[in-house]
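[1] Using only what follows, build the 3D model:
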Amino acid sequence: MIISPCISICKTDPTTGYCYGCGRTIEEKKIWKLTETNDQWKKDNIIKIKKRLTGWQLESFEESYTFKINNGISLFKKKLKNE
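    Model prediction:
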């Protein structure tokens, strides 16, 4: 199972149409939720969205997504939970 790249920063850039948190489009987010979406498409999509992100945004995504894979929760949600 491939874990969704959503890191709980769900705001879409009005110019690019990409989510500020995960770099996905609204359409890609919908495809992730479909039961027929296979793991290969998800792996390819993660590669694609990482190419969209740069600098601090890519670093932040990598850190939070890795944390989510290892702990089952994004860093953002962990921080909210601890407040």
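[2] which residue ranges form the strands in this protein?
    Applying DSSP state E to the chain gives no strands.
[3] Ranking helices and strands of it by mean pLDDT, which lands last?
    One helix or strand of the chain scores below all others by mean pLDDT, DSSP states H and E: helix 75-82, with a mean of 78.
[4] Output it as CSV - backbone C-alpha positions only.
    Coordinates of each C-alpha in helix 75-82 appear next as CSV, following Å, rounded to 0.1, in the frame of the first residue of the first chain:
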residue,chain,number,x,y,z
LEU,A,75,4.2,16.4,11.2
PHE,A,76,1.5,19.1,10.9
LYS,A,77,-1.1,16.8,12.6
LYS,A,78,1.4,15.7,15.2
LYS,A,79,2.1,19.3,16.1
LEU,A,80,-1.6,20.1,16.4
LYS,A,81,-2.1,17.0,18.5
ASN,A,82,0.7,18.1,20.9
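[5] What is that helix packed up against?
    helix 55-71 (3 or more CB pairs under 8 Å, 6 or more residues apart in numbering; DSSP states H and E). Just so you know, the C-beta spots here come from the backbone N, C-alpha and C atoms, and that holds for glycine as well.
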